[in-house]
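Engineer: please find the sequence and the predicted model below.
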Amino acid sequence: MPGATSKVLKTQLLTAKAFAPYGEVIDRQQHTHFLINGGSTERYHQMACVDTGPEDGRAIISIFRKPVASHFPFRVEMMEQHPFGSQAFIPLKGKPFLILVAASAQAAEQGDLALFLSDGSQGINYAAGTWHHPLITLEDDDELLVVDRQGDRKNCNEIQLPDSSDIWVPAILIQGASLPS
């Protein structure tokens, strides 16, 4: 549990402007559309760009399933980054989730992190090289569509944060319900 000297992160709403240093927000509310297929379909065009990096990269689509929600509060112990390509997370079940990012490995180690809340209709696309925490879900049985890079080069680096960083993600309330602890 957080102590008197712990840093407890503040959650901010996910907006394109606030998230811009880390990547793109995938959100119909923040994009315009045009009609296709004889006017029967609204197309929200180019909401994010897939970056596959060096010549051996290609875009792949996966589904990440979290049968059990993250437990709160929790101490931030590690961060990861994908140096050669972007990584997008798009909620499939409309459930809110948290996004924890840092501008650099050094920033993460020093506790300079940003914590965002997706409302469940918003996805995100981490820019190549963005340091982030693995998926943080708020409800059991959540699924997100993931678009990222696959290639011959290792595309995932991890850092362990020092014990002295003592950074915590707090429990938050969503629609009046307490999160798992």
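Structural biologist: Arrived safely, thanks for sending. Numbers count the residues shown, from 1 in each chain.

Engineer: measure the most far-flung residue of the chain relative to its centre to residue 84 for me?
Structural biologist: Note on the chain: the largest C-alpha distance from the chain mean falls to residue 38, namely 35.3 Å (CA atoms, centre = their mean). The span separating residue 38 from residue 84 equals 40 Å under the rule CB to CB, to the nearest Å. For every residue, glycine as well, the C-beta is placed using N, CA and C.

Engineer: same thing with residue 164?
Structural biologist: The value you get for residue 164 to residue 84, if CB to CB is used, is 31 Å.

Engineer: then residue 106?
Structural biologist: With the distance defined as CB to CB, residue 106 ends up 20 Å from residue 84.

Engineer: the two: who's more crowded?
Structural biologist: Set side by side, residue 106 and residue 84 show more neighbours around residue 84, with 21 against 11, by other CB atoms under 10 Å.

Engineer: tell me which element that one is part of?
Structural biologist: Under the criterion of DSSP states H and E, residue 84 resides outside all helices and strands.

Engineer: test my guess that it contacts residue 153.
Structural biologist: Yes: applying CB atoms under 8 Å as the test, residue 84 and residue 153 come out as touching, 5.7 Å apart.

Engineer: shared neighbours of these two, which are they?
Structural biologist: For the pair residue 84 and residue 153, residues contacting each of them under the criterion CB atoms under 8 Å, 6 or more residues apart in numbering are 54, 57.

Engineer: for this structure, which spans come out with low pLDDT?
Structural biologist: When residues are selected by pLDDT under 70, those of the chain lie in 173-181.

Engineer: same thing but 80
Structural biologist: Scanning the chain for pLDDT under 80 picks out 4, 54, 173-181.

Engineer: contacts only, for the residue nearest to the spatial centre of the chain.
Structural biologist: Per CA atoms, centre = their mean, the C-alpha nearest to the average position across the chain is that of residue 99, at 3.9 Å. Residue 99 sits next to 14, 19, 89, 115, 116, 117, 118, 124, 132, 136 when contact means CB under 8 Å, 6+ apart.

Engineer: show me which of those are buried.
Structural biologist: Buried members of the contacts of residue 99, counted by 16 or more other CB atoms under 10 Å: 14, 19, 89, 115, 116, 117, 118, 124, 132, 136.

Engineer: CSV for those residues, including distance to residue 55 and secondary structure?
Structural biologist: Putting the buried ones among the contacts of residue 99 into CSV (distance: CB to CB, whole Å; DSSP: H, G, I helix; E, B strand; the rest coil) gives the following:
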residue, distance to residue 55, secondary structure
14, 33, coil
19, 29, helix
89, 25, strand
115, 35, strand
116, 32, strand
117, 37, strand
118, 33, strand
124, 26, strand
132, 25, strand
136, 33, strand
